[in-house]
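A.B. asks: can't give you the sequence, but here's the structure:
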């Protein structure tokens, strides 16, 4: 543009200078014809001065023409170059020259439209990015060459991956389960929609994923790659299994005493009642099974109440030391039956809780300790204050619990030793009730156990203010 400007200016100078020089020569020739007094030197001096004046005049006129007609075009061209570079904030100056005002205005309208389109595109990209990053499911997009073009945060967290180690890599280079890799390959090769549930081991944990895959189709039905979305349903699977186990266990636990009561009562009705010794023996069995059935129903009702949404305890300042002593008094006969020694190390602590429910918690923990402890062993109860919480520990010298079973310990009807707990008359619901009651008190319960050494249950409860 600058070279064009220079050429135009030079052309104007030569043209105007030539025209003025020719004009002055004609004037001088006319004067010389009439007067005949001028010599050649004076003529050439006048010509030189006329030519210089013509050059100055042509420069002024050319500069004015450039300012009016060329500069707006240069400014519009520079603005267009800025738009090409992506600077959509650039604007062309709108002069009064009729020849360029339309061009400048058109350039500015184009710039404003591009700026608005870019702002909308950026906003849509941010929305899409936010949606992908915060969706509950993990997502991975693979291009037609098998390279990873997009992943979200849940995918990276699921497999403990870093973004720098994922983007642009071939999908088979990722450290993902072989089951998921096979599913991706199947969708990639068939280019069809697919859905599946896959199961794999992640360390020591069995995980379940609900996976959905689909091809990505662009304009003119062009295949661009695939997208895989999956959701972790491990917890849902676990809850479903707990529900199935609960139904099966309830059926079994109810059927056992009912069968015993029905069988012995039918035997008595068939004539066994005539033998007094047999009658008393059978009635005692029926009574025992009735108590067992009643205890199971009561525990089921208790568990149903504490699991209901909105369940709340009647919390008030409660002497935890008195709660422990009352619970010990109520299970003392069970301790005496197995000659189990009870060691207390309780310090004064006032918690914010429901005394009756807390007695139920301590009793369940003590009954559980007695059930799984051998005769002539020891149970330790500690109560102390730590920070703004009261800490209660119930430690036994029982059979202990495998580390793999601790996670299921608070499930309904789950038993570490089924034979021993059934023989003791337990329902398998005590620890589940304990967990829900402690959570209703805004506390927590922890378990520490070693097989053959014993188990320690630790409860944390908020102190009364």
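C.D. replies: Received, thanks. Given the structure is predicted, the values throughout are model-derived calculations rather than measurements.
A.B. asks: quick one: contacts for the closest residue to residue 370 other than its chain neighbours?
C.D. replies: Leaving aside its chain neighbours, residue 370 sits nearest to residue 334 (5.0 Å; criterion: CB to CB, 6 or more residues apart in numbering). C-beta here means a position set from N, CA and C on the backbone, and glycine is covered the same way. Taking CB atoms under 8 Å, 6 or more residues apart in numbering, we find residue 334 in contact with 366, 367, 370.
A.B. asks: Just the buried subset of those residues, please.
C.D. replies: 366, 367, 370 (16 or more other CB atoms under 10 Å).
A.B. asks: quick one on the thing from earlier: now the helix or strand hosting the residue nearest to residue 370, how far from the chain's geometric center?
C.D. replies: Assigned by DSSP states H and E, residue 334 falls within helix 320-337. Averaging C-alpha positions (CA atoms, centre = their mean, to the nearest Å) puts helix 320-337 46 Å from its chain's average.
A.B. asks: likewise stretch 115-135?
C.D. replies: 19 Å.
A.B. asks: what do you get for stretch 139-150?
C.D. replies: Averaged C-alpha coordinates place stretch 139-150 at 21 Å from its chain's average position (CA atoms, centre = their mean).
A.B. asks: Compute the first-to-last residue distance for that stretch.
C.D. replies: 8 Å (CA to CA, to the nearest Å).
A.B. asks: circling back: quickly name whichever of the contacts of residue 334 is closest to residue 343.
C.D. replies: residue 366 (12.5 Å; CB to CB).
A.B. asks: The closest one and residue 331 touch, don't they?
C.D. replies: Yes - assessed by CB atoms under 8 Å, residue 366 is found in contact with residue 331 at 4.9 Å.
A.B. asks: What strand or helix carries residue 113?
C.D. replies: Using DSSP H and E, residue 113 falls in helix 98-134.
A.B. asks: Tell me which other helices or strands that helix touches.
C.D. replies: Contact partners of helix 98-134 among helices and strands, from 3 or more CB pairs under 8 Å, 6 or more residues apart in numbering; DSSP states H and E: helix 71-85.
A.B. asks: and which of the buried ones among the contacts of residue 334 is nearest residue 142?
C.D. replies: After measuring the buried ones among the contacts of residue 334 against residue 142 - CB to CB - the closest member comes out as residue 367, at 56.5 Å.
A.B. asks: so the closest one touches residue 333, yeah?
C.D. replies: No - contact criterion CB under 8 Å: residue 367 and residue 333 do not qualify, at 11.3 Å.
A.B. asks: related to what we said a few turns ago, what's the average pLDDT for the helix holding residue 113?
C.D. replies: For helix 98-134, the per-residue pLDDT values average out at 76.
A.B. asks: can you give me the offset of that helix from its chain's centre?
C.D. replies: 33 Å.
A.B. asks: between the helix or strand that comes right after that helix and helix 98-134, how big is the angle?
C.D. replies: Heading C-terminal from helix 98-134, the first helix or strand you meet, by DSSP H and E, is strand 138-143. Interaxial angle, strand 138-143 versus helix 98-134 (axes from the mean of the first three to the mean of the last three CA atoms, to 10 degrees): 130 degrees.
A.B. asks: for strand 138-143, packing partners?
C.D. replies: Looks like strand 138-143 contacts strand 148-151, helix 153-158, helix 178-190, strand 223-232 (3+ CB pairs under 8 Å, 6+ apart).
A.B. asks: what do you get if the cut-off is 10 Å, keeping everything else the same?
C.D. replies: For strand 138-143, the elements it packs on are helix 98-134, strand 148-151, helix 153-158, helix 178-190, strand 205-217, strand 223-232, judged by 3 or more CB pairs under 10 Å, 6 or more residues apart in numbering; DSSP states H and E.
A.B. asks: which stretches of the stretch 251-400 of the chain have low pLDDT?
C.D. replies: 252-253, 299, 303, 306-311 (pLDDT under 70).
A.B. asks: What distance do you get for residue 323 to residue 352?
C.D. replies: 13 Å (CB to CB, to the nearest Å).
A.B. asks: out of these two, which sits in the busier spot?
C.D. replies: Neighbour count, other CB atoms under 10 Å: between residue 323 and residue 352, residue 323 has more, with 26 against 18.
A.B. asks: so who does that one touch?
C.D. replies: Taking CB atoms under 10 Å, 6 or more residues apart in numbering, we find residue 323 in contact with 346, 349, 351, 353-363, 383, 392.
A.B. asks: please redo it, this time with the cut-off set to 6 Å
C.D. replies: 355, 358, 359 (CB atoms under 6 Å, 6 or more residues apart in numbering).
A.B. asks: Now render those as JSON lines, adding secondary structure and distance to residue 276.
C.D. replies: JSON lines is the format used below for the contacts of residue 323 (DSSP: H, G, I helix; E, B strand; the rest coil; distance: CB to CB, whole Å):
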{"residue": "355", "secondary structure": "helix", "distance to residue 276": "46"}
{"residue": "358", "secondary structure": "helix", "distance to residue 276": "46"}
{"residue": "359", "secondary structure": "helix", "distance to residue 276": "41"}
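A.B. asks: can you pick the most crowded of these?
C.D. replies: residue 358 (27 neighbours).
A.B. asks: show me what contacts that one?
C.D. replies: Taking CB under 6 Å, 6+ apart as the test, what residue 358 contacts is residue 323.
A.B. asks: and if we set it to 8 Å?
C.D. replies: 318, 320, 323, 351, 437, 441, 461.
A.B. asks: Need these in TSV (columns: distance to residue 130 and secondary structure).
C.D. replies: Shown next, in TSV, are the contacts of residue 358 (distance: CB to CB, whole Å; DSSP: H, G, I helix; E, B strand; the rest coil):
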residue	distance to residue 130	secondary structure
318	48	strand
320	48	helix
323	50	helix
351	44	strand
437	41	helix
441	39	coil
461	41	strand
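A.B. asks: farthest-separated two in the residues you listed?
C.D. replies: Across the contacts of residue 358, the longest distance by CB to CB is 14.0 Å; it joins 320 and 437.
A.B. asks: Give me the more crowded residue out of these two.
C.D. replies: residue 320 (26 against 23).
A.B. asks: So the more buried one is in contact with residue 349, correct?
C.D. replies: Yes - here residue 320 reaches residue 349: they are 4.6 Å apart, a contact under CB under 8 Å.
A.B. asks: got any residues that touch both of the two?
C.D. replies: 383, 390.
A.B. asks: Centre of the chain to stretch 165-174, how far?
C.D. replies: Distance, centroid of stretch 165-174 to centroid of chain: 21 Å (CA atoms, centre = their mean).
A.B. asks: which regions of the stretch 51-200 of the chain lie under the pLDDT threshold?
C.D. replies: Ranges of the stretch 51-200 of the chain meeting pLDDT under 70: 51, 54-55, 57-59, 61-72, 94-101.
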